[in-house]
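Engineer: sharing a sequence plus its predicted fold:
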Amino acid sequence: MFLSLLDDRARPKGSRDPLGFEMVWTHFGRRVVGNLTTITSSWRIFSVGLLGFYWCNQLCRDVNPVDRQQILQQHFLRYEQLAAYLRSSADDHEIMGITRVRKRLAEAGKTISIGTDQRSLILSDQVSYGIWGLYSTALRETGLVHGDLRELTDTGLAIVRQIEDDLNRNKDGLGISWYWAFLRGERKAVPVADLEREGKKFVGAISASNVQDELIAALLRGSGDHHCQIALYEAFRALPKPVLETAKLGALVDTVCTHTESPELSQALSDVRQIERLLVTANVLFNYLRRQDGERLEAMAIAVDRIYSFEYLPPGPELSQVPYGADLEALRTRLRSGDTLAALRCLLDMNKKIMAGRGGASWVEEGSDGRLRVRVKAETAHLPPVDELQSHWDYDYFLSSYAGIAAMERR
């Protein structure tokens, strides 16, 4: 899989996605799934986020508009830490920042610090890589929060009210005021004994069956004006749970296509299947070139031709409105016509254009002598069997996150 290339934390800035395919597969994926991302696959984290955004906005009602977002964010960072320690103490480990959380709980004495200083944060950049940064867009696109302040919509508020009611009903709980004292920063160290006492109550409230049902249904339906995703929701509801949990992405797409009655969804998924074949082929060829420093490009084209005929590449989808669509169309045309050398040069041109746009140098280029100069090498890239090019998936078009949440709906 090339999905690691999509995570900014995995590589230095500017050294990922050398052919600009992230924008391409996102273009097609957003036609099908309008709200989720490759990261947002946990409905419980959505539940935690909703409650936190509501509480933090409640605490900031009287803050002047100039300072409100900064203070709101600080409240939320503290809330996210507290929620993570509570969940881990209750053996709920689907947490962003779980490594630090577990380590601190294991090494804790009687208390654990809660704060906005670096030693308290549960991620190196908790704002960007925690709930605030990675789940907010999906919550907005689902219609559960709105605006930069992450204020809850009526739909989001209805779900949070159920969580609050559960916490308030629990007479043995520490009470909402206990939480708010940490969010405000009035208390800076949480007793481990309190985490153990309150953890199961907190987890029970955020994951109650009524909360789960309403939240997952909202996430799967997405925005009410996204007709393709609504059709996807209906198609997924008809699939057996084992299919959702075990089917590979390509098989899942094929299965949904046979179950949907929506021509719009069927066409969108057909486009996804077709563009993926081109992207996989391009990735394989480009990464193969990254192992050929000093070799002649013409020799590489001959080597590729000995193994592959690219007639399997579909003629679609239409690329005129797609980011870098003209380049992709030129690549597809050259591959399908058997002009492999021109196709390889097209890949080099694509990489040069992408990297120039980022202020960087090409990963691979052809010198005046026809030999390759490789700046960013691939140590293990190879030319796989042709059937792998016809079946392997490099990108997930947000469907893996969708399927993961849909599978939870059946539990």
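Structural biologist: Structure received.
Engineer: residues touching residue 317, list them.
Structural biologist: Going by Cβ atoms under 8 Å, 6 or more residues apart in numbering, residue 317 touches 28, 270, 271, 274, 275. From N, CA and C alone the C-beta is placed, and that goes for glycine too.
Engineer: so the first one sits against residue 397, correct?
Structural biologist: Same thing as residue 28. Yes - contact criterion Cβ atoms under 8 Å: residue 28 and residue 397 qualify, at 6.3 Å.
Engineer: tally of neighbours for residue 356?
Structural biologist: Residue 356: 11 surrounding residues under other Cβ atoms under 10 Å.
Engineer: any idea how far it lies from residue 329?
Structural biologist: As defined by Cβ to Cβ, to the nearest Å, residue 356 lies at a distance of 20 Å from residue 329.
Engineer: need the contact list for residue 72.
Structural biologist: Shown in contact with residue 72 (Cβ under 8 Å, 6+ apart): 56, 57, 60, 63, 149, 150.
Engineer: ignoring the adjacent residues along the chain, who's closest to residue 221?
Structural biologist: Among residues not flanking residue 221 along the chain, residue 233 sits closest, at 5.2 Å (Cβ to Cβ, 6 or more residues apart in numbering).
Engineer: surely residue 174 touches residue 195?
Structural biologist: No - under the criterion of Cβ under 8 Å, residue 174 is not in contact with residue 195, lying 10.2 Å apart.
Engineer: send me stretch 239-259 as PDB with only the CA atoms.
Structural biologist: Extracted in PDB, the C-alpha atoms of stretch 239-259 (Å, rounded to 0.1, in the frame of the first residue of the first chain):
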ATOM      1  CA  LEU A 239     -24.700  -6.100   3.100                       C
ATOM      2  CA  PRO A 240     -24.000  -8.900   5.600                       C
ATOM      3  CA  LYS A 241     -21.800  -7.800   8.500                       C
ATOM      4  CA  PRO A 242     -19.000 -10.400   7.600                       C
ATOM      5  CA  VAL A 243     -18.700  -8.700   4.200                       C
ATOM      6  CA  LEU A 244     -18.100  -5.300   5.800                       C
ATOM      7  CA  GLU A 245     -15.500  -6.700   8.200                       C
ATOM      8  CA  THR A 246     -13.500  -9.000   5.900                       C
ATOM      9  CA  ALA A 247     -14.000  -7.900   2.200                       C
ATOM     10  CA  LYS A 248     -11.000  -6.300   0.500                       C
ATOM     11  CA  LEU A 249     -11.700  -2.800  -0.900                       C
ATOM     12  CA  GLY A 250     -12.000  -3.900  -4.500                       C
ATOM     13  CA  ALA A 251     -14.400  -6.700  -3.600                       C
ATOM     14  CA  LEU A 252     -16.400  -4.400  -1.400                       C
ATOM     15  CA  VAL A 253     -16.800  -1.800  -4.200                       C
ATOM     16  CA  ASP A 254     -17.900  -4.600  -6.600                       C
ATOM     17  CA  THR A 255     -20.400  -5.900  -4.000                       C
ATOM     18  CA  VAL A 256     -21.900  -2.400  -3.400                       C
ATOM     19  CA  CYS A 257     -22.300  -1.900  -7.100                       C
ATOM     20  CA  THR A 258     -24.400  -5.000  -7.400                       C
ATOM     21  CA  HIS A 259     -26.600  -4.000  -4.400                       C
END
